[in-house]
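Peer 1: Kindly generate the corresponding structure for this input.
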Amino acid sequence: MAFPSADTVVTYPAGDLSGTATVLYSEKADDSLTAVLLDATPCHPVDAAWPDQGPDLAMLTWPGGSSAVRDCVVGATDGAALYLGKDIPVRRDIASSGTTGWTFVVAHLVTEAPAAGQRVTVSVDPRHRSALSLGHTGCHLAALALNLAMADRWTKELPLDGLGTPNFDAAAIASSRILPRGSVDTYRLNKSLRRKGFVTDGLPEALSALQETLNACLTSWIATDAPVRIDRDGDRLTDRRSWVCTLPEGEVSIPCGGTHASALTQLGALRAALTLSDDSGTAVLTMTTGVVS
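Peer 2: Presented below is the predicted three-dimensional model:
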């Protein structure tokens, strides 16, 4: 079997939950799982470079066989070897939709693998996909609302988000994790952030008011039933994709490789909670969001 020479075609940005594809390559990933590479897939993989959204749950079926997808990860090959997840030795060049000399693929990890050349059907669990999509859309919306809530805590100019607000989220984010119907984002309020002009004085006392402002903003935005779409430069795994939503303040676009709801009202009631903690002398702000209806 030869390694794929083109990046995997992905159909999950369009909302696809099933599709047929051809097996291009497979090899043992460990003692129990085999990595299967297809020419196309609707299955969303976890990306080690920014693993905020986890993998879809899915099944591969083919004449005479089937296997659950135990994990789905981004992989890469230089034509000599296949690397999975954190073992990939290069970073994708998003600006040029790839990295010269490397092919980026979606690896489906299964216990029983179909043969190379076999046509397979990929079926994604719709409830799990929906729950993660709601969580991811809610995460972006909450980040924009948090930027607005924090807007008057800056003493210096900062790069702005898509709504023209100082981008606290981009400046302070340490990690983001998408949950079914929710998300957890952590922000480090360190010396570097303070040098950029962020004011931490009085933040503990202001936290309740900030949370109230944030949630009022979320409620007003969701009430508009604004549509959500994914803009993409192409259908390959490495093509740039963006989350786009038109809010009352304007249209906002955020680079994103995940899956999403198609309209804000699908979130129902979205609430965010803010908490402060200490990590070896550095203040850490955690925003936990969840769909409550």
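
Peer 1: Show me where the stretch 151-293 of the chain has its strands.
Peer 2: Applying DSSP state E, counting those that start in this stretch to the stretch 151-293 of the chain gives strands spanning 173-179, 182-189, 228-232, 241-247, 250-255, 270-279, 282-291.

Peer 1: Could you tell me which residues within the shortest one count as buried?
Peer 2: Residues of strand 228-232 classed as buried: 228-230 (neighbour count, 16 or more other Cβ atoms under 10 Å). (Glycine included, C-beta is placed from N, CA and C.)

Peer 1: now do the fourth one
Peer 2: Neighbour-count burial for strand 241-247, counted by 16+ other Cβ under 10 Å, picks out 241-245, 247.

Peer 1: Looking at those residues, spot the one nearest residue 176.
Peer 2: The closest of these to residue 176 turns out to be residue 243 (Cβ to Cβ; 13.1 Å).

Peer 1: Could you double-check that that closest one sits in contact with residue 232?
Peer 2: No - the pair residue 243 and residue 232 does not pass the contact test of Cβ atoms under 8 Å, sitting 10.7 Å apart.

Peer 1: before we move on, which element is residue 145 in?
Peer 2: Following DSSP states H and E, one finds residue 145 within helix 126-149.

Peer 1: and that helix, what does it pack onto?
Peer 2: If you count contacts as 3 or more Cβ pairs under 8 Å, 6 or more residues apart in numbering; DSSP states H and E, helix 126-149 packs onto helix 168-172, strand 173-179, strand 182-189, helix 203-222, strand 241-247, strand 270-279, strand 282-291.

Peer 1: pull the CA atoms of that helix into CSV?
Peer 2: The C-alpha trace of helix 126-149 is given here as CSV (Å, rounded to 0.1, in the frame of the first residue of the first chain):
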residue,chain,number,x,y,z
PRO,A,126,-25.7,12.4,15.3
ARG,A,127,-26.5,13.0,19.0
HIS,A,128,-22.8,13.2,20.0
ARG,A,129,-22.0,15.4,17.0
SER,A,130,-24.9,17.7,17.9
ALA,A,131,-23.9,18.0,21.5
LEU,A,132,-20.3,18.9,20.6
SER,A,133,-21.5,21.4,17.9
LEU,A,134,-23.7,23.2,20.4
GLY,A,135,-20.8,23.3,22.8
HIS,A,136,-18.4,24.7,20.2
THR,A,137,-20.8,27.4,18.9
GLY,A,138,-21.5,28.4,22.5
CYS,A,139,-17.8,28.6,23.2
HIS,A,140,-17.2,31.1,20.4
LEU,A,141,-20.3,33.2,21.4
ALA,A,142,-19.2,33.3,25.1
ALA,A,143,-15.7,34.4,24.1
LEU,A,144,-17.1,37.3,22.2
ALA,A,145,-19.4,38.2,25.1
LEU,A,146,-16.4,38.0,27.5
ASN,A,147,-14.4,40.4,25.4
LEU,A,148,-17.3,42.9,25.6
ALA,A,149,-17.5,42.4,29.4
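
Peer 1: Compute the inter-axis angle for it and helix 203-222.
Peer 2: For helix 126-149 against helix 203-222, the angle by axes from the mean of the first three to the mean of the last three Cα atoms, to 10 degrees is 120 degrees.

Peer 1: Now do helix 126-149: distance to the chain's middle.
Peer 2: 10 Å (Cα atoms, centre = their mean, to the nearest Å).

Peer 1: Name all residues that make contact with the most centrally placed residue in the chain.
Peer 2: The centroid of the chain falls nearest to residue 258 when counting by Cα atoms, centre = their mean (3.8 Å). By Cβ atoms under 8 Å, 6 or more residues apart in numbering, the contact list for residue 258 reads 44, 52-53, 132-133, 136, 178, 243.
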